[in-house]
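**Q** quick check, what structure comes out for this input:
(2 chains)
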Amino acid sequence: DAKTTQPPSMDCAEGRAANLPCNHSTISGNEYVYWYRQIHSQGPQYIIHGLKNNETNEMASLIITEDRKSSTLILPHATLRDTAVYYCIVQKGSRLTFGEGTQLTVNP
Amino acid sequence: NAGVTQTPKFRILKIGQSMTLQCTQDMNHNYMYWYRQDPGMGLKLIYYSVGAGITDKGEVPNGYNVSRSTTEDFPLRLELAAPSQTSVYFCASRRQGATDTQYFGPGTRLTVL
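**A** Okay, here's the model as predicted:
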């Protein structure tokens, strides 16, 4: 699976958009980009995934660059409950390979 | 649906003891996974299964065994516990489609002393 690079930590003010970047320069054509998050010590929770087009759901938006070498997860109006570790994962087949993620802290 | 359930929530073992971590899902998912997470680190895949009777190794299988006799259950066995196995263990499941997402259980926190 392709390797991903994320900043170790980010801060965001409550109510503002949180933009979490991810580099995946070795991604291949049939690999999807997935985002999960882990709140405190709970099990990871799926957020969104995409292949080449931008995607949006009730939780977030995913913007993938045209060359697919990087992506950004956008939480449009971050709340304190969005404080978590966010994992960007490039998946091929049935397995996920987790990196260390980005610790997002939403401040009041 | 209860989703993915794991028992126990917490356990302390002595070195050399054995135990089985239980994982059950009620979503009729074919795929099931076991991960471990050490403090401050991402999850690492221990074993996974693509259906009843079929299991395969992940990144860190040493010291563990699994079985998958039913679709619902995927127990993880530690035979001779070692301090290096102190970790939080997560079970997950998903359907069979290529882009189906994984659903995770709440985890089992294991300490080996």
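**Q** now stretch A:19-29: mean pLDDT?
**A** The pLDDT scores in stretch A:19-29 average 93.
**Q** buried sites along it?
**A** By 16 or more other CB atoms under 10 Å in any protein chain shown, the buried positions in stretch A:19-29 come out as A:20, A:22-24, A:27. For glycine as for every other residue, the C-beta is placed from the backbone atoms N, C-alpha and C.
**Q** as PDB, could you dump the C-alpha coordinates of it?
**A** Taking Å, rounded to 0.1, in the frame of the first residue of the first chain, the C-alpha atoms of stretch A:19-29 are listed here in PDB:
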ATOM      1  CA  ASN A  19      -8.400  21.500   6.800                       C
ATOM      2  CA  LEU A  20      -6.300  18.400   7.300                       C
ATOM      3  CA  PRO A  21      -3.700  17.600   4.600                       C
ATOM      4  CA  CYS A  22      -2.300  14.300   3.500                       C
ATOM      5  CA  ASN A  23       0.500  13.500   1.000                       C
ATOM      6  CA  HIS A  24       0.300  10.100  -0.800                       C
ATOM      7  CA  SER A  25       2.800  10.700  -3.700                       C
ATOM      8  CA  THR A  26       3.200   6.900  -4.400                       C
ATOM      9  CA  ILE A  27      -0.500   6.200  -4.800                       C
ATOM     10  CA  SER A  28      -1.400   4.000  -7.700                       C
ATOM     11  CA  GLY A  29      -4.400   4.200 -10.000                       C
END
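**Q** mind listing which of the buried residues of stretch A:19-29 are in strands?
**A** Cross-referencing the buried residues of stretch A:19-29 against strands under DSSP state E gives A:20, A:22-23.
**Q** would you list the residues you listed in CSV and tack on distance to residue B:88?
**A** Formatted as CSV, those follow (distance: CB to CB, whole Å):
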residue, distance to residue B:88
A:20, 23
A:22, 24
A:23, 27
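**Q** poorly predicted segments of chain B, please.
**A** B:98 (pLDDT under 70).
**Q** the residue of it found nearest chain A: neighbouring residues, count only.
**A** Nearest residue of chain B to chain A (CB to the nearest CB) works out as residue B:104 at 3.1 Å. Residue B:104 has 24 neighbouring residues, counting by other CB atoms under 10 Å in any protein chain shown.
**Q** and it, how far is that from residue A:43?
**A** Residue B:104 is 3 Å from residue A:43, where distance means CB to CB, to the nearest Å.
**Q** re the thing from before, chain B: which of the ones in strands among the buried residues of stretch A:19-29 is nearest?
**A** Checking those one by one against chain B (CB to the nearest CB), the nearest turns out to be residue A:22, at 13.3 Å.
**Q** tell me the secondary structure at residue A:81.
**A** Assigned with DSSP: H, G, I helix; E, B strand; the rest coil, residue A:81 falls in the helix class.
**Q** again with residue A:99
**A** Residue A:99 - assigned by three-state DSSP - is coil.
**Q** residues contacting it?
**A** Applying CB atoms under 8 Å, 6 or more residues apart in numbering or on different chains to residue A:99 gives the contacts A:3-6, A:87-89, B:42.
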